[in-house]
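Chemist: Make a model of this:
(chains A and B, ligands or ions: 2)
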Amino acid sequence: MTLANIRFYCGEAARSLFRNRLLSLATVTTVAACILILGIAVLVVVNAQAVMSSLESNVEIVAFLEKDLPEQQQAAIGKEIGYIAGTKEVTFVSREKALRDLEKRFGQGKYNLRETLGGKNPLPDSYRIKATDPHQVPSLARKVARIPGVYKVRYGQGVVEKLFAATRWVRNLSVVVIVLLACAAVFLIATTIRLTIFSRRKEIYLMKLVGATNWFIRWPLFIEGLLLGLTGSLLAVLALAAGYYYLVNSLTVSIAFIPLVTDTAVMTRLAGGLLAVGGVLGITGTFISANRYLDV
Amino acid sequence: MLVQMYNVSKTYLNGVKALNDISLKIDRGEFVFLMGQSGAGKSTLMKLLYREELPTRGQIFIASRSIVRMKTREVPLLRRNIGVVFQDSKLLENKTVFENVAFAMHVVGANRREIRERVEEALGLVGLKDKRDCYPSQLSGGQQQRAGIARAIVNRPLIVLADEPTGNLDADTSWGIMELLSEINKKGTTVIMATHAQDIVKRLGKRVIVLNEGRLVADSMPGESIA
Ligand SMILES: Nc1ncnc2c1ncn2[C@@H]1O[C@H](COP(=O)(O)OP(=O)(O)OP(=O)(O)O)[C@@H](O)[C@H]1O
Ligand SMILES: [Mg+2]
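Modeler: Ligands and ions are numbered 1, 2, ... in the order given. Next up is the predicted model:
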């Protein structure tokens, strides 16, 4: 492809966009709306995931040991747990420490827990276990429970499964919404390009007549689709950035405990991603129409 | 031989038999008239030559290459060697005369300097230098036809196919177009022209091929009488 060619393609694309300016405007607006909703969905997901993974990483397994195990065996159990694939952290909590923690929680001074218990400590020794992947907690717990000397395992059974089900649901739903929106955008861009081809069919016929290759005719269309997609997504990204900036500012002032994700690296990647999606949608839309309607 | 057709038939999808067992040869540098009543198959024959249509049967060679067996991606190269002129000139309304002619050169990837030189040259040949910045709607019928001819010859094709180029023009203007086409022919380009205009054919005295209901009924060299 020569420089003269590129200049010609871009000129043709620009002229065609201008000639069908109402349609171009409509398409850009629709793409912008799609990308905007997509961006909002992604932001919601990003924030929801941040909340969820902070919840998830707090999930831990408590393995209670049988009473009066010799110290050696306790240590051996700790080692064995540490060897199970997927454990990140294993801490021993002696029954003494467990009681002290309990006392702390009940609040010292108000009444004496030890006295109430009659000077005895009913609590067992235990191990607290964190998993590298929180989703592995249930299966990890099952493995730990099988170790001789462990008589009970707790990790908030039920609650954890529900939490994971909820996160999975949010993720799947957002994927579905995003795919649907992307399809709508592709369809609209395909329609625009089809109308462009239709409004230029005489020109395209003549191009073929004087010996244009199919690619020579496709290039301006692709540039056109790309420009439509990029312009739409750029508008959406700008609107999204302004909106999110405003939201973050007003939320941190009024309700400080909602931890919105404001990591610049994440946001830059999100903006870049949305722009790229706009471009890809534009090219995909063009591809559909260009191949189907170019055989003149 | 530049053009060779062997037992070519064309039946359109709707069942109309437009050409029936046509065989003919046209040499480099010839000027050939294609005559016959309306519906005789003149335009169809031309469309086969620039491969807008494929024959139902038979073989066609241009410069010894079969254009029937030709792959789709080779068609653009064939068409760069063929200039087509239409009765309605088919200029793009939103482009100036210069741009309309330059258009054909952009398509083949020529550079700007080349395009400017060759387009000026072509416009000079057809006598439209002073109209280069006019839009087609600002031209007379004859001028539009000249612009169409300029577009057809700007890539220096081997063959110019002209389908009733004078169909919409009065006698004087028509004769101007004919002089232009003969001049192009004298420079070595083969010209094949479909027409109904008996007087022009007689006056120019060139080879005439006559079709009737899709069959070749006469092929006479100048001087011979038309059957
Ligand atoms: N695309 C097409 N589909 C179906 N039939 C067609 C098509 N083009 C032409 N025909 C038919 O083929 C026959 C020959 O048409 P063609 O256009 O070749 O005639 P022609 O000699 O150019 O006539 P004219 O002098 O009126 O231009 C006619 O009967 C016409 O109706
Ligand atoms: Mg005709």
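
Chemist: Can you name the element that comes right after the one helix or strand A:Ala75 maps to?
Modeler: A:Ala75 is located in helix A:71-83, with elements delineated by DSSP states H and E. Next along the chain after helix A:71-83, taking DSSP H and E as the criterion, comes strand A:87-93.

Chemist: any residues touching that following strand, and which ones?
Modeler: A:74, A:78, A:81-82, A:101, A:125-132, A:140 (Cβ atoms under 8 Å, 6 or more residues apart in numbering or on different chains). C-beta here means a position set from N, CA and C on the backbone, and glycine is covered the same way.

Chemist: could those go into JSON lines alongside neighbour count, secondary structure and distance to chain B?
Modeler: Shown next, in JSON lines, are the contacts of strand A:87-93 (neighbours: other Cβ atoms under 10 Å in any protein chain shown; DSSP: H, G, I helix; E, B strand; the rest coil; distance: Cβ to the nearest Cβ, whole Å):
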{"residue": "A:Gln74", "neighbour count": "17", "secondary structure": "helix", "distance to chain B": "78"}
{"residue": "A:Gly78", "neighbour count": "16", "secondary structure": "helix", "distance to chain B": "72"}
{"residue": "A:Ile81", "neighbour count": "20", "secondary structure": "helix", "distance to chain B": "67"}
{"residue": "A:Gly82", "neighbour count": "13", "secondary structure": "helix", "distance to chain B": "65"}
{"residue": "A:Asp101", "neighbour count": "12", "secondary structure": "helix", "distance to chain B": "78"}
{"residue": "A:Asp125", "neighbour count": "22", "secondary structure": "coil", "distance to chain B": "79"}
{"residue": "A:Ser126", "neighbour count": "22", "secondary structure": "strand", "distance to chain B": "75"}
{"residue": "A:Tyr127", "neighbour count": "23", "secondary structure": "strand", "distance to chain B": "71"}
{"residue": "A:Arg128", "neighbour count": "13", "secondary structure": "strand", "distance to chain B": "69"}
{"residue": "A:Ile129", "neighbour count": "25", "secondary structure": "strand", "distance to chain B": "65"}
{"residue": "A:Lys130", "neighbour count": "17", "secondary structure": "strand", "distance to chain B": "62"}
{"residue": "A:Ala131", "neighbour count": "23", "secondary structure": "strand", "distance to chain B": "58"}
{"residue": "A:Thr132", "neighbour count": "11", "secondary structure": "coil", "distance to chain B": "55"}
{"residue": "A:Leu140", "neighbour count": "25", "secondary structure": "helix", "distance to chain B": "60"}
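
Chemist: Low-confidence ranges, chain B, go.
Modeler: B:223-227 (pLDDT under 70).

Chemist: and if we set it to 50?
Modeler: Scanning chain B for pLDDT under 50 picks out B:227.

Chemist: for chain A, same thing?
Modeler: Using pLDDT under 50, the flagged stretches of chain A are A:296.

Chemist: Tell me how far stretch B:115-133 lies from the chain's centre.
Modeler: Relative to its parent chain, stretch B:115-133 has a centroid offset of 20 Å by Cα atoms, centre = their mean, to the nearest Å.

Chemist: typed the wrong thing, it's stretch A:94-102
Modeler: 40 Å.

Chemist: Only C-alpha atoms, please: export it in PDB.
Modeler: The C-alpha trace of stretch A:94-102 is given here as PDB (Å, rounded to 0.1, in the frame of the first residue of the first chain):
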ATOM      1  CA  SER A  94      -3.700 -22.800  71.400                       C
ATOM      2  CA  ARG A  95      -6.800 -23.200  73.600                       C
ATOM      3  CA  GLU A  96      -5.200 -20.700  76.000                       C
ATOM      4  CA  LYS A  97      -5.000 -18.100  73.200                       C
ATOM      5  CA  ALA A  98      -8.500 -18.900  72.000                       C
ATOM      6  CA  LEU A  99      -9.800 -18.200  75.500                       C
ATOM      7  CA  ARG A 100      -7.900 -15.000  75.700                       C
ATOM      8  CA  ASP A 101      -9.300 -13.900  72.300                       C
ATOM      9  CA  LEU A 102     -12.800 -14.800  73.500                       C
END
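
Chemist: Any buried residues in it, and which?
Modeler: A:Arg95, A:Ala98, A:Leu99 (16 or more other Cβ atoms under 10 Å in any protein chain shown).

Chemist: Give me the contacts around that stretch.
Modeler: A:Val93, A:Leu113, A:Arg114, A:Asn121, A:Leu123, A:Pro124, A:Asp125, A:Ser126.

Chemist: One more: stretch B:206-219?
Modeler: Outside stretch B:206-219, the residues that touch it by Cβ under 8 Å, 6+ apart are B:9-10, B:17-24, B:30-37, B:39-42, B:45, B:201, B:220-222, B:226-227.

Chemist: Identify all contacting residues around stretch B:68-80.
Modeler: A:208-213, B:50-51, B:54-55, B:58-60, B:62, B:65, B:67, B:108, B:155, B:157.

Chemist: Quick one: end-to-end distance for that stretch.
Modeler: End-to-end distance for stretch B:68-80: 17 Å, by Cα to Cα, to the nearest Å.

Chemist: Quick one: residues in contact with the strand or helix carrying B:Leu180.
Modeler: B:Leu180 belongs to helix B:171-186 when assigned by DSSP H and E. Residues from elsewhere that reach helix B:171-186 (Cβ under 8 Å, 6+ apart): B:29, B:31, B:125-127, B:140-142, B:145-146, B:149, B:153, B:160, B:162, B:165-166, B:169, B:191, B:193, B:197, B:199-200, B:203-204.
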